[in-house]
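Visitor: Here's my sequence, what's the structure:
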Amino acid sequence: MSDDPQYIVEVRDLHFGYPGRPILKGLSLRIPRGKLVAILGSSGCGKSTLLRLIGGQLRPSQGEVSVTGKVVHSLGNAELYELRKKMGLMFQAGGLFSDMSVFENVAFPLREHTSLPENIIRQMVLMKLNAVGLRGAWQLGTNELSGGMSRRVALARAIAIDPMLAMYDEPFAGLDPISINVIAKLIRVLNDELGTTSIVVSYDVSESLKVADYVYVIGDGVLAGEGTPAQMAESRDPFLRQFFDALPDGPIQFHYPSRAYNLDLGL
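Guide: Residues are numbered from 1 along each chain as shown. Purely as a prediction, here's the structure:
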């Protein structure tokens, strides 16, 4: 693949792992500009690792990741910092600063990455909180928030600077059905209204297929399938069918690789 302006992220033959534990084994995919792309896969398949590689927190052992034509792991600290100013990330566990209020959490990236005056920052923070339905909670501490409210604050912070690329790491995990539906719709609306590009990493099939323009599925460290939500729903591939239909038997193994059970028991 060559750098193409219609794609904001290009991943080429990506390898990454830890000693004795390979995670990504030659992954290649592309994220088109302005679209909401879901990256699905079972827990531990490397979805969150991929986001860290895109953001430059990790370096691949082989292959490359480019964002807007720049190879992320080849950038110096100053260049990488500038690139990250254009990215927003909603952490898997929310990642809110526990000693800051709701307002201060959302204001943080604006103060860190811009030189805007405080009155403009205040207006922007309240606008983002209003977008996620929490303008009235701006004075609350993080310990006063429910799980769903925390996720919405994290979402507001992720899009505070109107990033060109917004990444959401397991945004639906641990939420009740109503909160999941609200968060999913917010991600879709914010992507379209802000004109950004969004990557949603999740193992929640139903919600991801509802909002995504395009879907990638990772399995065993490589790309197991891709297509529109409609194409994914119609696929007869055994791996995809097991994952999408939550079937207990199939190519996806529940148990982490190990030696024979009786040997561990000493029998």
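Visitor: ok, residue 114 touching residue 124?
Guide: No: under the criterion of C-beta atoms under 8 Å, residue 114 makes no contact with residue 124, lying 9.2 Å away. Every residue, glycine included, has its C-beta placed from N, CA and C.
Visitor: which SSE is the closest residue to residue 111 other than its chain neighbours in?
Guide: In space, and not counting its chain neighbours, residue 111 is closest to residue 121: 6.7 Å by C-beta to C-beta, 6 or more residues apart in numbering. Per DSSP states H and E, residue 121 falls inside helix 118-131.
Visitor: Other residues contacting the next helix or strand after that helix?
Guide: Going down the chain from helix 118-131, the next helix or strand is helix 147-158, by DSSP H and E. Residues outside helix 147-158 that contact it (C-beta atoms under 8 Å, 6 or more residues apart in numbering): 88-91, 94-96, 102, 105-106, 108-109, 125, 128-129, 131-134, 137, 142, 145, 166-168, 171, 174-176, 178-179, 182-183, 186-187, 190.
Visitor: Please report phi then psi for residue 179.
Guide: Phi and psi for residue 179, reported as degrees, to the nearest 10, are phi -60, psi -40.
Visitor: Can you get me a residue count around residue 259?
Guide: For residue 259, the count of nearby residues is 7 (other C-beta atoms under 10 Å).
Visitor: That one: what secondary structure?
Guide: coil (DSSP: H, G, I helix; E, B strand; the rest coil).
Visitor: Local confidence estimate at it?
Guide: If you check residue 259, the pLDDT there is 75.
Visitor: Could I get the contacting residues of the closest residue to residue 137 other than its chain neighbours?
Guide: Distances taken as C-beta to C-beta, 6+ apart place residue 102 nearest to residue 137, at 5.4 Å, with adjacent residues excluded. Contacts for residue 102 were tallied using C-beta under 8 Å, 6+ apart; they are 129, 134, 137-142, 145, 153.
Visitor: Packing partners of the helix holding residue 121?
Guide: Applying 3 or more C-beta pairs under 8 Å, 6 or more residues apart in numbering; DSSP states H and E, one finds that helix 118-131 contacts helix 102-113, helix 147-158.
Visitor: Strands of this protein, residue ranges please.
Guide: Ranges of strands in the chain, per DSSP state E, are 7-18, 21-32, 36-40, 62-67, 70-71, 87-90, 165-169, 197-202, 214-219, 222-227.
Visitor: now the third one: mean pLDDT?
Guide: Looking at strand 36-40 alone, the average pLDDT works out to 94.
Visitor: try the fifth one
Guide: With pLDDT averaged residue by residue, strand 70-71 scores 93.
Visitor: what does stretch 183-193 contact?
Guide: With contact meaning C-beta under 8 Å, 6+ apart, stretch 183-193 is reached by 36, 131-132, 148, 151-152, 155, 159, 166, 168, 171-172, 175, 196-198, 200, 207, 210-211.
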